[in-house]
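[1] Give me a 3D structure for the following:
(3 chains)
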Amino acid sequence: MMKNFSKIALKFFIVILLLNIIAPPVAVAQSLEDIYSTPTGEEGLTADTSHLGDELHKWNKNMDVWFMLMLVAFLMLFIKKFEWGVCLAVLLVTAGSFITYMAIQQFVFGQFVWTQDWTIMGVFCAITVVIAIGIFLGTVKMWQYFLAGVLFAPAWIAVEWWMFSYLEGVVDPGGSMLVHMVAAYWGWGVILTLREKRAFDVPVFTTTHSVSFVWLASMLLWVLWPSFVTALLPADQVTWAMFTCYMAGLGSIITTYIFCMIWQKKVDPLVFTYAMLAGLVAIGSPLTSVDPWTALGIGLVAGAISATCFIKLHPWLCEKMGVLDVMAVNNLHGIPGIFGAICGGIFAGALMTNFVSLVGVFVISLVTGGITGLIIRATRGEMEIGSMMSDGADFVGWKPEPVATEDGKVVVQDA
Amino acid sequence: MMKNFSKIALKFFIVILLLNIIAPPVAVAQSLEDIYSTPTGEEGLTADTSHLGDELHKWNKNMDVWFMLMLVAFLMLFIKKFEWGVCLAVLLVTAGSFITYMAIQQFVFGQFVWTQDWTIMGVFCAITVVIAIGIFLGTVKMWQYFLAGVLFAPAWIAVEWWMFSYLEGVVDPGGSMLVHMVAAYWGWGVILTLREKRAFDVPVFTTTHSVSFVWLASMLLWVLWPSFVTALLPADQVTWAMFTCYMAGLGSIITTYIFCMIWQKKVDPLVFTYAMLAGLVAIGSPLTSVDPWTALGIGLVAGAISATCFIKLHPWLCEKMGVLDVMAVNNLHGIPGIFGAICGGIFAGALMTNFVSLVGVFVISLVTGGITGLIIRATRGEMEIGSMMSDGADFVGWKPEPVATEDGKVVVQDA
Amino acid sequence: MMKNFSKIALKFFIVILLLNIIAPPVAVAQSLEDIYSTPTGEEGLTADTSHLGDELHKWNKNMDVWFMLMLVAFLMLFIKKFEWGVCLAVLLVTAGSFITYMAIQQFVFGQFVWTQDWTIMGVFCAITVVIAIGIFLGTVKMWQYFLAGVLFAPAWIAVEWWMFSYLEGVVDPGGSMLVHMVAAYWGWGVILTLREKRAFDVPVFTTTHSVSFVWLASMLLWVLWPSFVTALLPADQVTWAMFTCYMAGLGSIITTYIFCMIWQKKVDPLVFTYAMLAGLVAIGSPLTSVDPWTALGIGLVAGAISATCFIKLHPWLCEKMGVLDVMAVNNLHGIPGIFGAICGGIFAGALMTNFVSLVGVFVISLVTGGITGLIIRATRGEMEIGSMMSDGADFVGWKPEPVATEDGKVVVQDA
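    Now for the predicted structure:
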């Protein structure tokens, strides 16, 4: 079914592009008049907002989610010889997924999509696959990120359908399942069928500043997170949700630090900068069902779980499965997403529904990801290990630079 | 006339500064009461907004444009030995232009300028000249950026007058002409009279991270762009315009990648990070006259044009004219700005008006830029090539660092 | 009294954490119904806003202040071997202070704190101590930043009480006293009792990019500042305050440049990036009592004062007092904060009140800071100079890298 969706979407996309070139401006102007009426006077989502007021508030949040999408690129920028490629991959997968999502909703399902709500769903779709590509980042050809985005959009629409049309009463306002679990398990679906074992052998170096970019991205993602989880909420719930969100985030900052110290005596900056966001992932489902102090508690637990998964689960799981989760996405988005879904179930009294939902999300994501992995594998062609996780493979002007090796020596790093 | 404007502005500016020092607080407090009445109860730009509601929404966009102005500095930060100077130049030209613009509007034309609309115009003026200095960046003395800002403000007011007072019906809500074309051709006016041929000979090196800052700036500029193009629109048009804007931006991401690959087999990161914004430049004029899919089409064309101009037109044009457009501003802001103005004309049924407008904008910008170039040349004094594009010339604490040369060697780079 | 406050806060905090674990979800859900009523229909702070409208506008500013808090970390990132530690310290002190502040207000004073106004106060408290730790950054153990945050919250509540409950009519809408003076003199209180003289001897190196991160932080802090100073203002004052704020900021950009040139012939980037914010610090008190041109004047004076303090006062004062203000916080937040408080007094006709207030703020901050310094000293244990201002002490994966020494040589820098 997913393949059908994507075929239809692609077909429509091509038709629309052609129409754009030949459609006379007059016709466009006329159709605008019919389709894009201004929302004057409609009531909003609460008694004291107008529809326009809602749209204006969501306008800012919509933009914040795009901002976060770009920051996710910088969260993955720590491999010194593979920075620009991460940015380019993020931009291409974003273009592929957002355009396809909007095209499917407008032309297949006939939705009037150019509202804040629908476009926020579009950028949610895009940010989900941006997170997901972290799992196989640097192991496929550059143009395939665009392909991955196109293939992801119908998969995500299937998850949407499962959670909110097929099931009833699923509690997930902030996307613990819809965004984080999907990202983790769709991406794992891809690597399980792509089976690129050489990813384990690519030499990677970090430098002070490649990691400082990650700190910047992580800290700003942390700050912008309330816009992400409240983007679709009625206005009278957003203040409350802002602070369940921030309190959960503060919780995971504290326990990530503590558990890094417990397991390794020092802090691994790439564990800390990731796991400090785990409370924000986990609060997605219970977002509006708990008070801020309970949210703090959820964040405290989530940080501990995530840090432990990064340090203990990750090496074991990747070896066991024989594939590398390059950015260790499972430990920030997968496990804490499941934890969040369960918390949402508990605190909103919908445990069974959320459990059924998360099982379905897990299965749909793995299967559609697996199909995508097969397509990527079939279309990738030759790829040398030297061109994996390497800006030298894709960019003019990239040059080797001195970096520090793990034993403290300075070497000139080749692509 | 421009020189007159600037003289008057400077005069008034000095008078105001003096007044600030001697005016007793009491008088200030009293004048505040008269001038700054609160906007309570006035109707807004649509039937269901109040004036105060409009102001609050624009408040956020006003700030976003200032944010973008600062990001433009980081878009120009790729020359490793010339980073801090770019930031300082941007700050000085901003101070010069914004203050002068507001002073002229308030004291010469008697406007009540401390509203969102007028101050947004002020920061538009500032961001335009920030883009423009990219054309001669590193070839003038640091204090002259402030001077350039002061001289630019009256020139920009002249363009404003041409487009919106002299002409009628010009379609340019998002500034394809007013911001981008003016930036490109005022700056070209400057270099044509400044005639600093040694700019061709300054050795420039980039490093992984000097270019990663550019990726950061470009990706965040992309995200914030809807605030720029919708800052002055009525509330019921901003959602629509957000998505014609983003769709055009997605379009140029796709074709910039494709055309980089076509022309050079690999991607030049400094071409991609710039040309990926071309759709956003071009959508400025047709912003509210097209639907999002047409906007995607405009972005697809704009990205292709811009990437091609960077790779093919730029070297030829600079050699032909005998002057170096340092940041290649013409290829992102000039040509795509013209393309946008024509698209706006076509899709809004105002092709002739927009054409007349763009010719006038081109001429006024070149002439006022040319005059500015003469003034800068006359006041610059001695400037050695070693102090061009060099932080060593302006900053305490700048030290040479190891960088990679084009043939892969590591050298210690002198100022 | 401060120690009492902090003990009570800690006690309550622990109780709450325990409650979170054992409290059944049902009880939580019920309590939510009682406590968190939606604000539908209440009037806002001006005649034409609703309470909900106010909350929505403040929502964005609340987030902007969190954004600024994170940027303050990057403002302090110039010591190449001590970047990640600054980020981690900022996150830990934020968690400690924000949680403690909210806990005290809710559980000691019985406030209903999860509104925009109260949470903005919470993040103001956090950003104040984030600034303050700059004074002893790198000279205490990592976990002690969390402790410092916990101890700071009750101190800040005492200042709040002094300024707005004990005194009447203090003019400080933008926090010249409440944030900047408190940050500077609480931090100085800490170093005066901590007495860590070895801080003078820690070798510190900067690189082009460690300083470029500071430019980024400073320029974005500058942009976001209006959100900080207007976060608690009624809607009809925020546009005006945005522009007294920006004009003051433009003023300090200009004179910081001029005074850097006067004193040192070249610009010290670490002086410029800090002192260019001085106008924004100083405008905090007179924010809504002056017009934009007077604000420009205040900024011009503040920039001159701050730059001069950095270059002339700082070395003398630190030597005289025998302690090092690591980030020279006094010169940006202390002196310009005092200057702002006096300006606010003059222009709002409340000179005597503001003067009494600033003296009290100075004393309370120094004393509570001093007590904190004693506690930190007593609990710090052994700390070698080699682990001061050093990421090597706290992080897995930190490696020495080549940096440039002051005399232009390239050395491999050890922790």
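
[2] Does the helix or strand containing residue A:117 reach chain B?
    Applying DSSP states H and E as the criterion places residue A:117 in helix A:116-133. Yes - part of helix A:116-133 sits near chain B under the criterion CB under 8 Å from any CB of the partner chain, namely A:116, A:119. C-beta here means a position set from N, CA and C on the backbone, and glycine is covered the same way.

[3] what is the rounded mean pLDDT of that helix?
    Averaging pLDDT along helix A:116-133 yields 98.

[4] Could you do stretch A:370-380 as well?
    Stretch A:370-380 shows a mean pLDDT of 98.

[5] Near residue A:223, how many other residues are there?
    23 (other CB atoms under 10 Å in any protein chain shown).

[6] The one 4 residues further on too?
    With neighbours defined by other CB under 10 Å, the count for residue A:227 comes to 24.

[7] Next, the buried residues of the helix holding residue A:117.
    Using 16 or more other CB atoms under 10 Å in any protein chain shown as the test for burial, helix A:116-133 gives A:116, A:118-133.

[8] which element follows that helix toward the C-terminus?
    Next along the chain from helix A:116-133, counting by DSSP H and E, comes helix A:143-160.

[9] For chain A, give me the ranges with low pLDDT.
    A:1-41, A:403-411, A:413-415 (pLDDT under 70).

[10] pull the longest helix from it.
    helix A:351-380 (DSSP state H).

[11] any idea of the angle that helix forms with helix A:116-133?
    Here helix A:351-380 runs at an angle of 60 degrees relative to helix A:116-133 (axes from the mean of the first three to the mean of the last three CA atoms, to 10 degrees).

[12] can you give me the helices for the stretch 151-300 of chain A?
    For the stretch 151-300 of chain A, applying DSSP state H, counting those that start in this stretch gives helices covering A:182-194, A:208-230, A:238-264, A:269-275, A:278-282, A:292-308.

[13] Just send these back as TSV, with distance to chain C too.
    Listed next are those as TSV, based on distance: least, CB to the nearest CB, whole Å:
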stretch	distance to chain C
helix A:182-194	23
helix A:208-230	4
helix A:238-264	4
helix A:269-275	5
helix A:278-282	11
helix A:292-308	4
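
[14] Can you say which of these is packed in most?
    Counting by mean count of other CB atoms under 10 Å in any protein chain shown, helix A:278-282 has the highest mean neighbour count of these, with a mean of 34.

[15] List of residues touching it?
    In this structure, residues lying in contact with helix A:278-282 by CB atoms under 8 Å, 6 or more residues apart in numbering or on different chains are A:176, A:180, A:222, A:225, A:229, A:245, A:248-253, A:256, A:295, A:298-303, A:305-307, A:332-333, A:336-337, A:339-340, A:343.

[16] repeat for stretch A:84-91
    A:69-70, A:72-73, A:76-77, A:79, A:130, A:133, A:137-138, A:142, A:145, A:389-391, A:393-395, A:398, B:208, B:211-212, B:215, B:219, B:253, B:257, B:267, B:269, B:272, B:276.

[17] For residue B:153, find the nearest of the helices of the stretch 151-300 of chain A.
    helix A:208-230 (33.1 Å; CB to CB).

[18] Could you confirm whether that closest one reaches chain B?
    Yes - Helix A:208-230 reaches chain B (CB under 8 Å from any CB) through A:209-210, A:213.

[19] now for that helix, which elements pack on it?
    With contacts defined as 3 or more CB pairs under 8 Å, 6 or more residues apart in numbering or on different chains; DSSP states H and E, the packing partners of helix A:208-230 are helix A:51-75, helix A:238-264, helix A:269-275, helix A:278-282, helix B:208-230, helix C:51-75, helix C:84-103, helix C:208-230.

[20] quick one: contacts for whatever residue of the stretch 201-350 of chain A ends up closest to chain B?
    Nearest residue of the stretch 201-350 of chain A to chain B: residue A:209, at 5.3 Å (CB to the nearest CB). With contact set as CB under 8 Å, 6+ apart, residue A:209 has these partners: B:209, C:83, C:209-210, C:213.

[21] with those in mind, which one is nearest to residue B:108?
    For the contacts of residue A:209, the nearest to residue B:108 is residue C:213 (40.8 Å; CB to CB).

[22] From residue B:53, how far out is that closest one?
    Separation of residue C:213 from residue B:53 (CB to CB, to the nearest Å): 38 Å.

[23] just residue A:159 next, same as before
    37 Å.

[24] what does residue A:400 give?
    Counting by CB to CB - residue A:400 and residue B:53 are separated by 55 Å.

[25] just residue A:141 next, same as before
    According to CB to CB, residue A:141 and residue B:53 sit 49 Å apart.

[26] same deal with residue A:332?
    Using CB to CB, we find residue A:332 at a distance of 39 Å from residue B:53.

[27] and if you look at residue A:224?
    Distance from residue A:224 to residue B:53, counting by CB to CB: 24 Å.

[28] With residue A:376 instead?
    From residue A:376 to residue B:53 the distance is 48 Å (CB to CB).

[29] residues contacting residue A:252?
    Residues near residue A:252 by CB under 8 Å, 6+ apart: A:275-280, A:282, A:299-300, A:302-303, A:306.

[30] so which pair among those residues is furthest apart in space?
    Farthest-apart pair in these is A:277 and A:300; separation 13.9 Å (CB to CB).

[31] Give the buried residues for stretch A:151-161.
    So, applying 16+ other CB under 10 Å, buried residues of stretch A:151-161: A:151-160.

[32] Quick one: distance of that stretch to the chain centre.
    In terms of CA atoms, centre = their mean, to the nearest Å, the centre of stretch A:151-161 is found 13 Å from the chain centre.

[33] now swap in stretch A:129-137 and tell me
    Going by CA atoms, centre = their mean, where stretch A:129-137 is centred and where its chain is centred differ by 8 Å.

[34] go on, stretch A:215-226?
    Averaging C-alpha positions (CA atoms, centre = their mean) puts stretch A:215-226 14 Å from its chain's average.

[35] and if you look at stretch A:93-108?
    On CA atoms, centre = their mean, the centre of stretch A:93-108 falls 16 Å from the chain's centre.

[36] In contact with the residue minimising distance to the centre of chain A, which residues?
    In chain A, the residue lying closest to the centroid (CA atoms, centre = their mean) is residue A:128, at 2.8 Å. Residues in contact with residue A:128 (CB under 8 Å, 6+ apart) are A:152, A:156, A:178-179, A:182-183, A:186.

[37] Go again with 7 Å.
    Shown in contact with residue A:128 (CB atoms under 7 Å, 6 or more residues apart in numbering or on different chains): A:156, A:179, A:182-183.
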